[in-house]
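**Student:** structure for this input, please:
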Amino acid sequence: MNEGSTITRSKMPESSLAKRRRPESSGVMDDGSTIALSKMPESSLTKRRRNTMIWIGLIVVGLILFMFLGVERGFQVTPVTEVVQENNRVEIQRSQLIPPGLRAREYIAEIRAGGEPYPLANIFEKGSSFQAQGNLADAHLLYFFSAREEYIPAIMKMGEMADPTLFRAEDSLLDRADAIQAYKWYKKAVALGHDPAADGINNLKQWANEASIMGNPDARQLMLNFE
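**Tutor:** This next block holds a predicted model:
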């Protein structure tokens, strides 16, 4: 080169050897630009796996919604066996959904058809049997029927199921205690000469005194009956 001239190395073309050594997987083009690897198309296998996970997630969500929203308290699946005789060897078994309270209503219809006086003790015992089986809707209907007919054990049962001092959600069709209803049932029992029901009223009064101080609206409403 002539004296005083310079060579700019940065503008000289890369050698073919350097091009061959550049890794092809680096995402860098020959002109220095880069390719975003995240934008490269997915393989069909990855897509299939993603679709499978989405479907599994939807199924799980559906089951959870069914368990928490689709099951009503007292609703029961009762197995019913139906036998069809064909060549003496065919038997069909199936499960049938029975709506809550249906058996109690059918039982009450049979009792009414038999006329008065109604066997209130038997009806109450039938309700207790339903409750023991977890059929709360059927139990509640039979307790209510007997209590309306002034059967003392049923009246006390209705009061106890609503009593906030005795309330147990697993034993009651009610979502929560109802102090006013409990008071009405206890008062009815006292009016019929059942003195032990007065203890239930006294317990309600004590509960209302304490709960009303804490701002419980049900307790404050109940206190109006004791003024």
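**Student:** residues contacting residue 186?
**Tutor:** Applying CB atoms under 8 Å, 6 or more residues apart in numbering, we find residue 186 in contact with 156, 159, 197-198, 200-201, 204. C-beta: built from backbone N, CA, C; applies to glycine.
**Student:** may I see the PyMOL selection of the buried members of those residues?
**Tutor:** In PyMOL syntax, the buried subset of the contacts of residue 186 is picked out as below (16 or more other CB atoms under 10 Å):
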select buried, resi 156+159+197+200+201+204
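**Student:** got the contacts of residue 186 as CSV, with secondary structure, pLDDT and distance to residue 190 columns?
**Tutor:** Shown next, in CSV, are the contacts of residue 186 (DSSP: H, G, I helix; E, B strand; the rest coil; pLDDT from 0 to 100; distance: CB to CB, whole Å):
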residue, secondary structure, pLDDT, distance to residue 190
156, helix, 97, 11
159, helix, 95, 10
197, helix, 97, 5
198, helix, 96, 6
200, helix, 96, 9
201, helix, 96, 7
204, helix, 96, 12
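**Student:** can you put the contacts of residue 186 in a markdown table and add distance to residue 52?
**Tutor:** Output for these, formatted as a markdown table (distance: CB to CB, whole Å):
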| residue | distance to residue 52 |
| --- | --- |
| 156 | 58 |
| 159 | 56 |
| 197 | 63 |
| 198 | 67 |
| 200 | 59 |
| 201 | 63 |
| 204 | 58 |
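**Student:** and the contacts of residue 186, which is closest to residue 137?
**Tutor:** Nearest to residue 137 out of those is residue 159 (CB to CB; 19.0 Å).
**Student:** leaving out chain neighbours, which residue sits closest to the closest one?
**Tutor:** For residue 159, ignoring the flanking residues on the chain, the nearest one in space by CB to CB, 6 or more residues apart in numbering is residue 185 at 3.4 Å.
**Student:** pretty sure residue 194 sits against residue 153.
**Tutor:** No: here residue 194 lies out of contact with residue 153, judged by CB atoms under 8 Å, at a distance of 9.4 Å.
**Student:** about what we covered before: before we move on, which element is the residue nearest to residue 159 in?
**Tutor:** Using DSSP states H and E, the element containing residue 185 is helix 179-191.
**Student:** for that helix, which positions count as buried?
**Tutor:** Of the residues in helix 179-191, 179, 182-190 count as buried by neighbour count, 16+ other CB under 10 Å.
**Student:** for it, give the mean pLDDT please.
**Tutor:** Helix 179-191 carries an average pLDDT of 96.
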